[in-house]
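> Quick one: sequence and predicted model below, then my questions.
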There are 2 protein chains.
Amino acid sequence: VPLIGIDLGGTKLASALFAADGEILHRESVPLAGRGGEEVGALIVEQIRAMSEQAGLRTSGRRPQAVGGIGVAVPGIYRASTGTVWAPNVPGWDDYPLLDELRAGVGPDARVVIDSDRAACILGETWCGGARGARDAVFIAVGTGIGVGILADGHVVRGHAGIAGAAGWLALDRPYRADYAWCGCLEYHASGPGLVKVARELMDQDPSYTGELRRKASTAEITTADLCAAYDRDDALATRVIDDAIEFWGMTAANLVSLFDPETIIFGGGVFGPAVRFLDRIRGVAVRWGQPISMRRVVFTASTLGSDAGLYGAGRLALVQEPR
Amino acid sequence: VPLIGIDLGGTKLASALFAADGEILHRESVPLAGRGGEEVGALIVEQIRAMSEQAGLRTSGRRPQAVGGIGVAVPGIYRASTGTVWAPNVPGWDDYPLLDELRAGVGPDARVVIDSDRAACILGETWCGGARGARDAVFIAVGTGIGVGILADGHVVRGHAGIAGAAGWLALDRPYRADYAWCGCLEYHASGPGLVKVARELMDQDPSYTGELRRKASTAEITTADLCAAYDRDDALATRVIDDAIEFWGMTAANLVSLFDPETIIFGGGVFGPAVRFLDRIRGVAVRWGQPISMRRVVFTASTLGSDAGLYGAGRLALVQEPR
């Protein structure tokens, strides 16, 4: 029986029909194109129907076929107690009743499982990606924000209100700065926008810097990829920014290893991406800080599913609800 | 049916017979008195028999009665895959086959559950203590070392090799110092011995300090309780040491809240104890650093079971193995 996985992002909706072994039988992607509120709920229902149609085409015939389950990953927090979603990048989704909408749209008998993108990423990587089969693993997503998906003995760690894994708020550098109030210490220093912001601050403070990042028409154009490329060419300012970020990422990985004793730590998100080239150096930092026995055993790896990690995780959500 | 809980410490063995609701029906404590290796295993078997006898006396009659289960908390790491224990403070327990010893001693039909003291403390506090009924909770034990027991959705987080919760290794203060290599950054600064060591260093560096801590016959006599008492009397050096520790404890609590989103954080161990008076200030530090939604909801509390937390947790281990 095939499974449906739906991964809602900030700008697009990805859908796939999965075989039970994780093979993708069919996939589609639809831009959100400014949709908000109920329009997004309706789009998800529409895509579930499209995947069901595909399931019918691929098996007995022309009619939509019953599927084994439907998994939906959302870019924010899923509140299991109310079936509602908070997703800051989807207009009108402060407390959106997604579970009710999906049940109304696809029928009350369908098995629908919703979870956060963080949970989906670690489920995807342990189902079909770089940590296949692992029961204790952590996915570090570094992009616009920083969050972690955590699997402990095969179970996703969700927290009391579903917001476990808010690693962007990790306290790693004293003293406290007022700048941390909006996004957290780690995110301030070592998210994608954090890196660029630190680079801009250093450029403002140092008019004598005439390196390649100055040649951008404006500092607003600098990207993480630019910083990594300039680092590779020994640009002094980029080196300072990236060395600092490597220290923060390494301390973060060390703290996750000391607390969770995982088999694997997976680096993903838009920044990993270009920063994958620093994985050995990040491990080198982590080895100094972390619990030595756990550090010796843990594997550091880049996401092998990349931007599909959440989609695979949505499929894994559909496969079977975790036994509790 | 009564339950048996056994809590092995570094210097003594505590045993109790529990009713299923957590009431202690009988308890004993035996000093280890230099025992090591198999002698400690034999002592545990002896105490299990003594508790079984008590169970018989308390119910039908004179004969030892079958008990519902036997839980044993050990001061180190329990390796579930081999049934062996690493306990640095018990001579000869590098890889001690405790499960086999207990099965040989009390019979193969007895249900024996072994776990670390970290796991036992959080199970005890959520069974009978300050976090009763919580499914997401963290126990911070600050004493000679620093470790955390973690409950996530009712399940103990153990890690791949059973050493999750090694919070003494948390990286919280850049730059890295070679001193951290032996015990971890947090433990270096904010364990019981860490506080005293920092105080001694400051006294050595500052001959002009003539406060009350100087009046000790030797700096080797200073305790955490002395530091807390001197702090209460505005001693400048104690204030510096304790203020720093409060910052470290607050950052630690913040990181645990951001990662686990727990209902409750419980402070225990020998240092909490005297440092319980700083709980509000620790929370004040944590509120600045941690994920704001999680921080608003989480309850900070001192251990209500104190040095019995592990014993209650051993009883809870006996009650029923967690469903998996």
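Here it is on my side, so go on.
> Go ahead and confirm residue A:304 touches residue A:125.
Yes: counting by Cβ atoms under 8 Å, residue A:125 is a contact partner of residue A:304 at 7.2 Å. Yep, even glycine has a C-beta here, placed from its N, CA and C like the rest.
> more crowded one of these two?
Set side by side, residue A:304 and residue A:125 show more neighbours around residue A:125, with 29 against 16, by other Cβ atoms under 10 Å in any protein chain shown.
> gap between that one and chain B?
15 Å (Cβ to the nearest Cβ, to the nearest Å).
> Can you give me every residue that contacts that residue?
Residue A:125 makes contacts with A:131, A:132, A:137, A:139, A:266, A:268, A:303, A:304, A:305, A:309, A:312, A:313, as judged by Cβ atoms under 8 Å, 6 or more residues apart in numbering or on different chains.
> Which helix or strand contains it?
helix A:117-128 (DSSP states H and E).
> How far does that helix sit from its chain's centre?
9 Å (Cα atoms, centre = their mean, to the nearest Å).
> From residue B:221, how far out is residue A:308?
Applying Cβ to Cβ, to the nearest Å, the value for residue A:308 to residue B:221 is 62 Å.
> So those two - more neighbours on which side?
Using other Cβ under 10 Å, the more surrounded residue of residue A:308 and residue B:221 is residue A:308, with 21 against 10.
> From residue A:24, how far out is that one?
For residue A:308, the distance to residue A:24 (Cβ to Cβ) stands at 8 Å.
> can you check residue A:39 too?
For residue A:39, the distance to residue A:24 equals 26 Å [Cβ to Cβ].
> per-residue confidence averaged over the next helix or strand after the helix holding residue A:125?
Following helix A:117-128 in sequence order, the next helix or strand is strand A:137-142 (DSSP H and E). Across strand A:137-142, the average pLDDT comes to 97.
> Give me the residues contacting strand A:137-142.
Contacts for strand A:137-142 (Cβ under 8 Å, 6+ apart): A:117-118, A:121-122, A:125-126, A:131, A:146-151, A:167, A:190-192, A:249, A:252-253, A:256, A:260, A:262-272, A:275, A:303, A:309.
> hmm, 7 Å instead?
A:118, A:121-122, A:125-126, A:131, A:147-151, A:167, A:191-192, A:252, A:256, A:260, A:262-269, A:271-272 (Cβ atoms under 7 Å, 6 or more residues apart in numbering or on different chains).
> So in that sheet, which strands flank the helix or strand that that strand is followed by, and in what orientation?
Per DSSP H and E, the first helix or strand lying C-terminal to strand A:137-142 is strand A:146-152. The pairing partners recorded for strand A:146-152 under DSSP bridges are strand A:137-142 (antiparallel), strand A:155-156 (antiparallel).
> Can you list the neighbours in contact with strand A:146-152?
In contact with strand A:146-152 (Cβ under 7 Å, 6+ apart) are residues A:118-119, A:121-122, A:126, A:134-141, A:156-157, A:164-168, A:186-187, A:190-191, A:256, A:260, B:152, B:157.
> and the stretch 51-200 of chain A, which of its residues are near chain B?
Contacts of the stretch 51-200 of chain A with chain B, taken as Cβ under 7 Å from any Cβ of the partner chain, map to A:136, A:152-153, A:155, A:157-161, A:163-167, A:169-174, A:176, A:185.
> Quick check on those: which are buried?
Using 16 or more other Cβ atoms under 10 Å in any protein chain shown as the burial test, these include A:136, A:152-153, A:155, A:157-161, A:163-167, A:169-173, A:176, A:185 as buried.
> Could you tell me the angle between the helix or strand residue A:254 falls within and strand B:137-142?
In the assignment (DSSP H and E), residue A:254 maps to helix A:236-260. For helix A:236-260 against strand B:137-142, the angle by axes from the mean of the first three to the mean of the last three Cα atoms, to 10 degrees is 100 degrees.
> what comes up buried for helix A:236-260?
Of the residues in helix A:236-260, A:237-242, A:244-260 count as buried by neighbour count, 16+ other Cβ under 10 Å.
> right, is the following helix or strand past that helix up against chain B?
Later in the chain than helix A:236-260, the nearest helix or strand by DSSP H and E is strand A:264-268. No: using Cβ under 7 Å from any Cβ, strand A:264-268 never reaches chain B; the gap is at least 9.0 Å.
> Alpha carbons of strand A:264-268, as CSV, please.
C-alpha atoms of strand A:264-268 as CSV (Å, rounded to 0.1, in the frame of the first residue of the first chain):
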residue,chain,number,x,y,z
THR,A,264,25.0,10.2,14.1
ILE,A,265,24.8,14.0,13.8
ILE,A,266,23.5,15.2,10.4
PHE,A,267,24.2,18.8,9.2
GLY,A,268,21.6,20.2,6.8
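> which helices and strands does it pack with?
Applying 3 or more Cβ pairs under 7 Å, 6 or more residues apart in numbering or on different chains; DSSP states H and E, one finds that strand A:264-268 contacts strand A:137-142, helix A:236-260, strand A:299-302.
> before we move on, the earlier item: which members of the buried residues of helix A:236-260 additionally contact chain B?
A:247, A:251, A:254, A:255, A:258, A:259, A:260.
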